[in-house]
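Kindly return the folded structure for what I paste below:
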Amino acid sequence: MLFLSCHHESHSASRNVTSQAWSGFTDTRVDLRLCISTVYMRIIRATSLQGGMPVFDLYLFDLDGTLVDTRRDIAEAVNHVLQLHARPVADVVTVISWVGDGLDDMMKRAFQTDEGEFVDELVDDFRSYYMDHCTDFSHIYEGCSETLTSLHERGAHLSVLTNKPQDLSLEILRRLGTLQYFDRVVGPGDADLRKPNPSSLLSLIRDIGTSKERTLMVGDSRNDILVARNAGVASCGCTFGYLGRDALLELKPTYLIETWPGLLLLSDPAS
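Numbers count the residues shown, from 1 in each chain. Below you'll find the predicted structure:
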């Protein structure tokens, strides 16, 4: 099966033509030649950019589901809190559906409550357990370190922009040996500044001294694509993360990658 790890939304017209042509063919050998030809041309266009300076000056990365597969550790911590309060535990898929908008929102969803003091208590319970167990099972995604190294060696600025608390994010990256790649690790600090609010993203652009046109937001969630759109920068959706390919496609990111090395194949969105 032929597979391309980098997708640009400007190819949508060619994909539609290919899909329509495919449905009309009865000769599978013709189908195969058409498929190979289409994929081959995309590979040529993408790989011609390898080895040069990065297309973007600033790459911003989400943490959970983008840099690190944190699913099991988050689920273990949430279930620990649920058990502390005599609640039934939840499966990993359900827990991850609560992730992305900060710890307080995650606890509100897990316990179906908006009671402020109780939510604060739940967040404290979660943080206490999770800080000690945040990398029991978590791991960086395959190809992540090599890709970050390549981007760093090409002179790109790399930062993390996450809705996870900064102290937890720093600890995870430190334990997994990836903290050294990043100029900054930015958590929300305030609930009002969480993604998709673009304020922190725009501040990073100013701090680095680059432009919106030379900035790429990389992530696996709705908030990642929306914060890029709200800031006026390009976005790259990661299908290997928590949201999934179909849901990401509906959000219309500038790019879509299936694997980490696909990030090195991206073309300029203005081209």
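
isn't Asp101 right up against Pro188?
No. Contact between Asp101 and Pro188 fails when scored by Cβ atoms under 8 Å: they sit 9.6 Å apart. C-beta here means a position set from N, CA and C on the backbone, and glycine is covered the same way.

what residues are shared contacts of these two?
Among the neighbours of Asp101, those also in contact with Pro188 (Cβ atoms under 8 Å, 6 or more residues apart in numbering) are 163, 194.

Give me the neighbour count for the residue nearest to Val160 when sequence neighbours are not counted.
Excluding the flanking residues, the one nearest Val160 by Cβ to Cβ, 6 or more residues apart in numbering is Val185, at 4.4 Å. By other Cβ atoms under 10 Å, the residues close to Val185 number 20.

Numbering from 897 from now on, please.
From this message on, residue numbering opens at 897, which makes the last subject Val1081.

any weak-confidence spans in the protein?
Residues of the chain meeting the criterion pLDDT under 70: 897-950, 1087, 1163-1167.

where do the helices sit along it?
Secondary structure of the chain by DSSP state H: the helices cover 908-920, 924-943, 967-980, 988-993, 999-1007, 1012-1029, 1040-1049, 1062-1071, 1095-1104, 1118-1127, 1141-1147.

So what touches the last one?
Which is helix 1141-1147. The set of residues external to helix 1141-1147 that reach it, using Cβ under 8 Å, 6+ apart, is 1116, 1118, 1121-1122, 1133-1135, 1152, 1154.

and the residues you listed, which are buried?
Neighbour-count burial (16 or more other Cβ atoms under 10 Å) applied to these gives 1116, 1118, 1121-1122, 1133-1135, 1152.

out of those residues, which one sits closest to Phe1007?
Nearest to Phe1007 out of the buried ones among the contacts of helix 1141-1147 is Arg1118 (Cβ to Cβ; 22.5 Å).

I'd say that closest one and Gly996 touch.
Yes. Taking Cβ under 8 Å as the contact criterion, Arg1118 and Gly996 are neighbours in contact, 7.4 Å apart.

before we move on, back to that, mind putting the helices of the chain into a markdown table with distance to Thr1111?
Formatted as a markdown table, the helices of the chain follow (distance: least, Cβ to Cβ, whole Å):
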| stretch | distance to Thr1111 |
| --- | --- |
| helix 908-920 | 23 |
| helix 924-943 | 20 |
| helix 967-980 | 28 |
| helix 988-993 | 28 |
| helix 999-1007 | 27 |
| helix 1012-1029 | 30 |
| helix 1040-1049 | 13 |
| helix 1062-1071 | 20 |
| helix 1095-1104 | 6 |
| helix 1118-1127 | 8 |
| helix 1141-1147 | 18 |
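
what comes up buried for stretch 1125-1143?
When burial is assessed from 16+ other Cβ under 10 Å, stretch 1125-1143 yields the following buried residues: 1125-1127, 1129-1139.

so of the residues you listed, which ones are in strands?
Secondary-structure check on the buried residues of stretch 1125-1143 using DSSP state E: residues within strands are 1130-1134.
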